[in-house]
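okay, sequence plus prediction incoming.
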Amino acid sequence: MKRRNFLSLLGVSATAGVIGVPTTALAEVEKTTLKNGDEQLKADVVIAGGGLGGFAAAMSSLRNKQTVVLTEETDWIGGQLTQQGVPPDEHGWIETHGATQMYRDFRNAIREYYKKNYPLVDSAKNNPLLNPGDGSVSKLCHEPRVALAIMNDMLAPYISSGKLVLLTEHKITKAAVNGVKVQSLTAKSIRTGRLITLTAPYFVDATEMGDILPLTGTEHITGTESKKQTNELHAPEVANPNNNQAFTVCFAIDYVPGGNYVIDKPKDYDFWSNHVPKLTPPWAGKLLELHYSDPKTLKPKRLGFNPDGSKTGAMLNLWNYRKIINKDNFVTGTYTGDITIVNWPQNDYMLGNLIGASEKEFNKHVNGAKQLSLSLLYWLQTEAPREDGGKGYPGVRLRKDIMGTEDGLAKYPYIRESRRIKAMFTILEEHVGKQNRAMVAKPTEKNIAAPFYDSVGTGYYHIDLHPSCDQVNYVDFDSLRFQIPLGALLPVRMENILPANKNIGTTHITNGCYRLHPVEWSIGEAVGLLIRFAREKNVIPREVRNNKQLLSGFQDYVRSQGIETAWPK
C-alpha cells in the first residue's frame, strides 16, 4: 500500500487543516458523572449507528480534529458490510471513480490484509485487483471479519488517544430536544442496562432505520410516495407509508463433498417450504425453489445451484453470486471448499415491516426471517434439485464462524430501507432514473443525471427495489451516474442533526440507488466534513448551502479531502 493511502486510512492527512483547524492535539472526549450516578460523555459530534455511513462520518470528523462518540447496537461496527454479512454492492467504475478516496483506500487495505495474512497463490498475491471470493456481485467479495479488522485498525489510534469513545452494544433510547436543536441522546447498554447521556453541538443519525428521527422530532417520511406527490414515472397512484422493501437475514455456507452437515429441521420449515409470496405482479411460485421474478420484466426466471461452482447452463449459479472465498486463490489445502454468502431472493422476508415496529413486533419478524433463512439452508441440504436427478446437498455446511454468532446467522438483518428525512431538497426519479430523466431533460442532457449545484459526492447503482412487505414485487430499472446533493442531507427544520445512512432526502424510488455501500460511505464522510466546516465558520449547516461563497468553500474542502463532486465527462 502506498504511504499516502496508508496515512489517509489513519486519518493523517495533509489536507486536514484546510479550513484553519489547528494541528495541535485535541482534548479528549469529556467524561463526567451526573448527580444520579449516570455517566455523561461530551464530544464535538455524537454519531448513532456504526454502519458504513456512521463509520465514515466518524473518520472524517476525527481526521479533522473533532472528538466523537460513536454508538452501535451490535458488537460489530460496519453495518451491511460486516454485521449484516453483505459483500459490497458496487458499480463498474469503483476502482477509479464514483467513491471517495478513503473508501478506495479502505478497499485496498482489505486486499493488503489478505496478501499479508493469508497463504495466497502467486497469481492472487500479485493481482493488484485481488477479489478473494471472485463473487460475481462485486469486484471485491471478502469475509465480514476482514472489513471489521480494517475498520477497528482505523479507529484504534483515536480510541487510544481518547478522541473517540466507541460504545458497541448500546442503543439510543431517548433524546432531549429544545426547539430546533437536539440537546442530548441517552444510550442504554444492551448488556447491563447502564445509561449514558451523550451531549454535543452536533448529532448524526446513522442508524439502519433512521431510529433517531422520531426520537428527536425530526420530520421524516416512510414507505412509498404517490405519483401525485412526486410525479415520478414509477411511483404508484396511491401513497403507502407502510410499504417498505423486504429485509434479509444472511448466512454463510461452504461445501464439503461427501459430508453430512444437515441441520435439524427448522420449526417453521413446513410453512416456508410451501410458502408462495402474495405479490403484485405474482411471484414465480414457491419461495423455496430455484426461480424468482426477473426484477426488470417480472416474468418467472430460473436460477441454478451447484456448490461445486460449476456452470448451470445459462442460469446464474447462486453459489457463485456472493462468494467471499474462492479456494483457488489460496494455497492448496487452505480451504476445503469455497465460502459463499446467502443473500438471495429465496430469503427475502416480506411478511412484516420493521420500521416503527414495537420491540415485540421487531423480534417477531426478525425471528421469522431467521426461520426463513434456516429453512432455505435445510432445503438446500435436503430438497434442492441436483443435476444427477437426486435431491439435496448434505455437504453444504453452515459456517457459524463467518458471522460470529451461535446460530450462524448475521448479527443484524440486512436493511434496505429506512425512515427518510423531509429534506431541503428531495432527490426524485426524474433526477437520476434513465427513462424519467430522458422525459424532462434537454436532448443533450437526457443521458446525464441531473447536475446538482450543491453536490458533495458521487455514486452509482441501478434503481433496485426488492419485493415489499406490502405485496409489491420488484421495481428495478436503469439509472444514471449521479451526484449527492447537499440539500438532501439537510432536514427542513432541525439545525444540529444530520442523516448519514439510507435516511437522506430520497424518495422510495430513488432510495433504490442511494442505499448501497459506497454511497452510504460517501454520505457519511460528507456529513462529518459538513459539521466541521459549519463549526469553523460558525454557521448552521443549511447556511452553507444557502450562501454561495460558503458552498463554494465547502465543495473545495470536500474535494481537497479526496471526495469527487462530479463524474468525469
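Yes, it's here.

could I get the pLDDT score of the residue nearest to residue 335 when sequence neighbours are not counted?
Distance criterion Cβ to Cβ, 6 or more residues apart in numbering; nearest residue to residue 335, sequence neighbours excluded, is residue 327 at 4.0 Å. C-betas here are computed from N, CA, C, even on glycine. On pLDDT, residue 327 comes in at 98.

got the buried residues for stretch 105-123?
105, 106, 107, 108, 109, 110, 111, 113, 114, 115, 118, 120 (16 or more other Cβ atoms under 10 Å).

next one: stretch 122-141
Neighbour-count burial for stretch 122-141 [16+ other Cβ under 10 Å]: 124, 130, 131, 132, 133, 134, 135, 137, 138, 139, 140, 141.

name the SS class of the fifth one, please.
When you say that, I think you mean residue 133. coil (DSSP: H, G, I helix; E, B strand; the rest coil).

surely it touches residue 323?
Yes: under the criterion of Cβ atoms under 8 Å, residue 133 makes contact with residue 323 at 4.3 Å.

overlap in contacts of those two?
Shared contacts of residue 133 and residue 323 (Cβ atoms under 8 Å, 6 or more residues apart in numbering): 141, 338, 339, 340.

mean confidence for stretch 444-455?
On average, stretch 444-455 scores 96.

need the helices for the stretch 101-250 of the chain, in chain order.
In the stretch 101-250 of the chain, the helices defined using DSSP state H, counting those that start in this stretch lie at 101-117, 122-125, 144-160, 212-216, 227-230.

reformat these as JSON lines; add distance to residue 286 and mean pLDDT.
What follows is these, written out as JSON lines (distance: least, Cβ to Cβ, whole Å; pLDDT from 0 to 100):
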{"stretch": "helix 101-117", "distance to residue 286": "37", "mean pLDDT": "98"}
{"stretch": "helix 122-125", "distance to residue 286": "39", "mean pLDDT": "98"}
{"stretch": "helix 144-160", "distance to residue 286": "30", "mean pLDDT": "98"}
{"stretch": "helix 212-216", "distance to residue 286": "37", "mean pLDDT": "98"}
{"stretch": "helix 227-230", "distance to residue 286": "33", "mean pLDDT": "98"}
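
Serialize the ones you listed to a markdown table and add fields for distance to residue 293.
Rendered in a markdown table, the data for the helices of the stretch 101-250 of the chain read as follows (distance: least, Cβ to Cβ, whole Å):
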| stretch | distance to residue 293 |
| --- | --- |
| helix 101-117 | 32 |
| helix 122-125 | 36 |
| helix 144-160 | 29 |
| helix 212-216 | 32 |
| helix 227-230 | 22 |
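
specify the stretch among the ones you listed that is closest to residue 67.
helix 144-160 (8.8 Å; Cβ to Cβ).

quick check: residue 306 vs residue 316, distance?
Residue 306 is 11 Å from residue 316, where distance means Cβ to Cβ, to the nearest Å.

for the buried residues of stretch 122-141, which one is nearest residue 232?
The closest of the buried residues of stretch 122-141, once distances to residue 232 are taken by Cβ to Cβ, is residue 137, at 27.0 Å.

possible to save the shared contacts of residue 133 and residue 323 as TSV with secondary structure, distance to residue 222 and pLDDT?
Below are these laid out as TSV (DSSP: H, G, I helix; E, B strand; the rest coil; distance: Cβ to Cβ, whole Å; pLDDT from 0 to 100):
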residue	secondary structure	distance to residue 222	pLDDT
141	coil	32	98
338	coil	39	98
339	strand	36	98
340	strand	33	98
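
quick one: name whatever helix or strand follows the longest helix that the chain contains.
Determined from DSSP state H, the single longest helix within the chain is helix 359-382. Tracing the chain past helix 359-382, the next element assigned as helix or strand by DSSP states H and E is strand 396-398.
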